[in-house]
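Enquirer: A structural model of the following input is requested.
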Amino acid sequence: MEERKNGSVLLDDESFGPLLPFIRDDTITDVDYNGKDLWLTDIHKVKRKADASLITPGFIAVFINKVSMAVEQQFNPANPILEAESEELRITAVHEAATGTGRAFCIRKAPAVPRYDAKALIQQGYCEEKLLTLLINCVFTKMNFVICGDTGVGKTEFAKFLSGYIRPQDRVITIEDNPEWHYAKLNPKSDCIAIKVKKDGQEKEKRGNSVTMNYTNAIKTCLRLNPSWIMLSEARSKEAKSLLECWSTGVKGITTIHTDNVLKIPDRFLNMIQNDKDAVRMVNDIYDFIDIGILLRLKEMEDGSSRRYIDQMCFFDRENEQNRAYLIVEDGKQKDVALPDSVERKMKRAGVLDPYGYAYTMTKYPKRMI
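Expert: Predicted coordinates for the structure are as follows:
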C-alpha cells in the first residue's frame, strides 16, 4: 500500500486485484459490486455486467480491510459504512450486516482527464456550435454560471469544460469535498488553489479556537486569497448565501445545483439560503449576481447508450429594478430571441464584439478554439 497523503487513501495496483483493469480503463466511470454481481458504467452511461467470478469473498475481505486501514476507520456490523477517497477514486462499502444481500462496494472514478472536447460536444449533439461559442464567450466575459440537472447528467464535467477557457493569469480557487475538478492538473499553467472541505463540515462551525473548513468557511477564506474565480463543486445549503455575497464583490464563479428547470434556480437558491430576514433583497441579489443558468439532461437511446445535452439555458438579469429571466434555449433548441442588452454591454466591455463569433477566441486562445 502506498503512503497516505492529506487524509486520502492511496492503494497500490496489487490491492485492486481483478478490479485493476477497470480502474485503469479511462472509459469506465463506476465499478459497482452488489454482493453478487459486478456492474460497470462507462462515460456514455452505458451499464453492463462484468465477469464477477474473481470477486471472491476472500478478495473482498482483503480489499476492504486495506481501505479501512488506510483511512483508519472500523468496518464491522457496528460500523457498517466505509468511505474513502484518493485523488481520483471514491470508494464506498456497506457491510453485509446492513444490506441483507451481501457485502457491497462502489468505486466512483474522477480522473484528471478532460472528458469533454468542444468539437466532440458539437458532433455528439450536446448543443449547437452557435450556443457553445456563446457560452465560451460568456466565460471570456467573466459571467457567473449555475449548472443544474439530475445526478449523473455530467454537471461537474461540463463545468470543468467551461472553466478550461478561463485566462491562465486569473486565479481560480476550487472548493469541493470530493476531488473531481482537478483544475490545476488539467490547466498546468494556471494560477490555482484547491481547497478541500470536510464532508461533515456543513454543520460544524467552530470547536474552541479551531475552525472547521466547511463550505461556508472555505468561501469566506477564498476572499482573502485574491481570487478571480471561485468554483464550488455543488451548492447544497446555506453556503449559497456566502457564494452570492462573494459574487457581489466582483469575484466570478461556476457552481452546480440540483433542480429540473433553469427558471427554478432563483427559488432553489432562496430555499438554500434558509430563513433570511430580507428575502426580497436576496431575490434581487440572485437575479443581479447569477448571470447564466444551464440545465443538462440525459436521453436514453435505442441502442442502450445515453446522450447528454443542454436542455435549457437562460440569462438572469436585473435592470431598472426589474428581475427577469431570458430563456435562450428550451427543449434542446435555441430560440430566435435577442440577447439581453446587459449581456451585450458586458461582452463589448470585455472585447467580445460578436457573442456568436470566433474572432476573440482565436485571438486570445488559439489552442482552445472550436
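
Enquirer: can you map out the helices along the stretch 201-350 of the chain?
Expert: Assignment of helices within the stretch 201-350 of the chain using DSSP state H, counting those that start in this stretch yields the ranges 215-222, 239-248, 265-273, 279-289, 341-349.

Enquirer: What helices and strands are in contact with the longest one?
Expert: Pointing back at helix 279-289 there. In terms of contact count using 3 or more Cβ pairs under 8 Å, 6 or more residues apart in numbering; DSSP states H and E, helix 279-289 is assigned the packing partners helix 239-248, helix 265-273, strand 306-319, strand 322-330. All C-beta atoms are positioned from the backbone trio N, CA, C, and that covers glycine.

Enquirer: Pull up the gap between Tyr116 and Thr101, please.
Expert: Separation of Tyr116 from Thr101 (Cβ to Cβ, to the nearest Å): 36 Å.

Enquirer: Please disregard the earlier target; I meant Pro340.
Expert: Remark: distance between Pro340 and Thr101 (Cβ to Cβ) = 53 Å.

Enquirer: Those two: which has the busier surroundings?
Expert: More neighbours surround Pro340 than the other of Pro340 and Thr101, with 19 against 10 (other Cβ atoms under 10 Å).

Enquirer: wait, that one sits on Phe315?
Expert: Yes. Under the criterion of Cβ atoms under 8 Å, Pro340 makes contact with Phe315 at 5.3 Å.

Enquirer: and for those two, which residues touch both?
Expert: When contacts are counted by Cβ atoms under 8 Å, 6 or more residues apart in numbering, Pro340 and Phe315 are jointly contacted by Tyr326.

Enquirer: what's the neighbour count on Val280?
Expert: When neighbours are defined as other Cβ under 10 Å, Val280 has 8 of them.

Enquirer: Ignore what I typed, I meant Phe140.
Expert: Using other Cβ under 10 Å, Phe140 is surrounded by 18 other residues.

Enquirer: And for Ile64?
Expert: Other residues close to Ile64 by other Cβ under 10 Å number 18.

Enquirer: Am I right that it is in a helix?
Expert: Yes. Assessed with DSSP: H, G, I helix; E, B strand; the rest coil, Ile64 lies in a helix.

Enquirer: give the contact list for the residue nearest to Phe16 when sequence neighbours are not counted.
Expert: Counting by Cβ to Cβ, 6 or more residues apart in numbering, the nearest residue to Phe16 once its immediate chain neighbours are dropped is Ile23, at 5.3 Å. The neighbourhood of Ile23, defined by Cβ under 8 Å, 6+ apart, consists of 16, 31, 89, 107, 109.
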